[in-house]
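[1] Need a 3D model of the following:
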Amino acid sequence: MAQETVTASELDLALVNALQLRPRASWSELAPLLGVTASTLARRWERLSDAGLAWVYAVPGREFTHSRCTAFVLLRCRPGARSRLIAELSVLPEAATIEVTAPGSADLLLDVLAPDLASLGRFVTETLDRLPGITSVGCLVATSLYVEGSRWRLRSLDPAQLSALGNSVSAAADQIRTLELGTVERALLDELVHDGRLALAELAERTGTSPATVRRRLRRLTDAGVLAFRCDLAAPLAGHPVPVTLLAHAPARDMGAVHRTLAALTECRLVAGVTGPANVLATLWVHDVADIQRRETALCARLPTLTITDRIVGLRTVKRMGHLLGADGHRTGVQPISPW
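    Numbers count the residues shown, from 1 in each chain. I've put the predicted structure just below:
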């Protein structure tokens, strides 16, 4: 049976925008801000989620960049091997995100998450070596992560609604600290990477604890920067943006200004400092291909010491932080990440 076509209303877009700011807010909290009942929001969300248009899930928090490894891996493939490689890479938990790119410096762009540098090394030199069809591997290790996907916004709410929702980042998250993960914490993470809106009672039942224990452990994980929540959306809901990853070089003395300028762009989804000849990697979601040149020209005018060395255009996202996407951009399943 063909899947029902689901279109998004203005209320749907506002709901997704609200969940980008407060991913685990209750429907009763959001209802007054959006001018509808809690039951209406619950129905709307179930419809969007079932259609693969929007979903909430757990991602590594800011502590991850301090104690673990993020890398961007550029793969070149033999002609005809890419489809098979995509299927093999999609089941690997280390490959959090897989982007099919316009042929050039890479055929596939991977965001790789690993608990430490040794694990990253094994993935790059052993796991990828066993996959036939890869002709070259480039690895850019993230030295700092200034902006990541949780910061990108749909911008469907008005200023009053945004003010009422406030900032989704806890003030305690500024104080990054090491937190030892026990059995309960790991079980919670495993559940939440699938569905970040699971209720406390459901999480308690699945992890063999109580709702009060779940509440305390989740607060510890988020306050320590180990865990964050993201509301993501399919390409049609986002307006079919064109993802482009820019590789650039800037003098060390100008890195602060570069990162601040990039982070201020509404199109910006990711900004990282990386190793290699290019020391800046930024991913933008632009309106169309022509926007790439316009954005690059504007950036270079504002940042005269910034030299853009490569532009990698995404043709299709196959996997985003462990969530599998179909050709239409809708979520079709989960191959969960477990980088903790």
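
[2] what's the neighbour count on T317?
    For T317, the neighbour count with other C-beta atoms under 10 Å is 18. Every residue, glycine included, has its C-beta placed from N, CA and C.

[3] Are there helices or strands packed against the host helix or strand of L247, and which ones?
    Taking DSSP states H and E as the definition, L247 sits inside strand 242-249. In terms of contacts (3 or more C-beta pairs under 8 Å, 6 or more residues apart in numbering; DSSP states H and E), strand 242-249 is packed against strand 280-286, helix 289-302, strand 307-320.

[4] rerun that using 6 Å as the cut-off
    Applying 3 or more C-beta pairs under 6 Å, 6 or more residues apart in numbering; DSSP states H and E, we find strand 242-249 packed against strand 280-286, strand 307-320.

[5] Residue ranges in the stretch 1-150 of the chain under the pLDDT threshold?
    Residue ranges of the stretch 1-150 of the chain with pLDDT under 70: 1-5.

[6] ok, G149 to G196 distance?
    In this view, G149 and G196 are 13 Å apart by C-beta to C-beta, to the nearest Å.

[7] who has more neighbours, those two?
    Taking neighbours as other C-beta under 10 Å, G149 and G196 compare with G196 leading, 21 against 16.

[8] Spatially nearest residue to the more buried one (excluding sequence neighbours)?
    Spatial nearest neighbour of G196, chain neighbours left out: V56 (3.9 Å); criterion: C-beta to C-beta, 6 or more residues apart in numbering.

[9] In contact with the one you found, which residues are there?
    By C-beta atoms under 6 Å, 6 or more residues apart in numbering, V56 lies in contact with P23, G196, R197, C231.

[10] quick one: which helix or strand includes it?
    strand 54-60.

[11] counting contacts, what elements does the helix or strand just after that strand pack onto?
    For strand 54-60, the succeeding helix or strand toward the C-terminus, using DSSP H and E, is helix 63-67. Packing partners of helix 63-67 (3+ C-beta pairs under 6 Å, 6+ apart): none among the helices and strands.

[12] hmm, 8 Å instead?
    Helix 63-67 makes packing contacts with strand 134-147 when contacts are defined by 3+ C-beta pairs under 8 Å, 6+ apart.

[13] What pairs with the strand it packs on, parallel or antiparallel?
    strand 69-77 (antiparallel), strand 268-274 (antiparallel) (DSSP bridges).

[14] and the gap between the residue most central in space within the chain and G225?
    Nearest to the centroid of the C-alpha atoms of the chain, with distances taken as C-alpha atoms, centre = their mean, sits G149, at 4.0 Å. Computed with C-beta to C-beta, the distance linking G149 and G225 is 16 Å.

[15] tell me the phi and psi of R331?
    Main-chain torsions, R331, degrees, to the nearest 10: phi -70, psi 130.

[16] Spell out which residues sit in contact with the nearest residue to it once chain neighbours are set aside, please.
    Of all residues not flanking R331 in the chain, G52 sits nearest, at 3.8 Å (C-beta to C-beta, 6+ apart). G52 makes contacts with A234, L325, G326, H330, R331, T332, as judged by C-beta atoms under 8 Å, 6 or more residues apart in numbering.

[17] In strands, which of those residues fall?
    L325, R331, T332 (DSSP state E).

[18] I figured the second one was touching D50, is that so?
    No. Shown here, R331 and D50 do not form a contact pair, counting by C-beta atoms under 8 Å, at 10.1 Å.

[19] more crowded one of the two?
    More neighbours surround R331 than the other of R331 and D50, with 20 against 11 (other C-beta under 10 Å).

[20] With D291 as the reference, measure out to that one.
    26 Å.

[21] on that earlier part again, report the angle between the strand holding L247 and strand 69-77.
    Interaxial angle of strand 242-249 relative to strand 69-77 (axes from the mean of the first three to the mean of the last three C-alpha atoms, to 10 degrees): 110 degrees.
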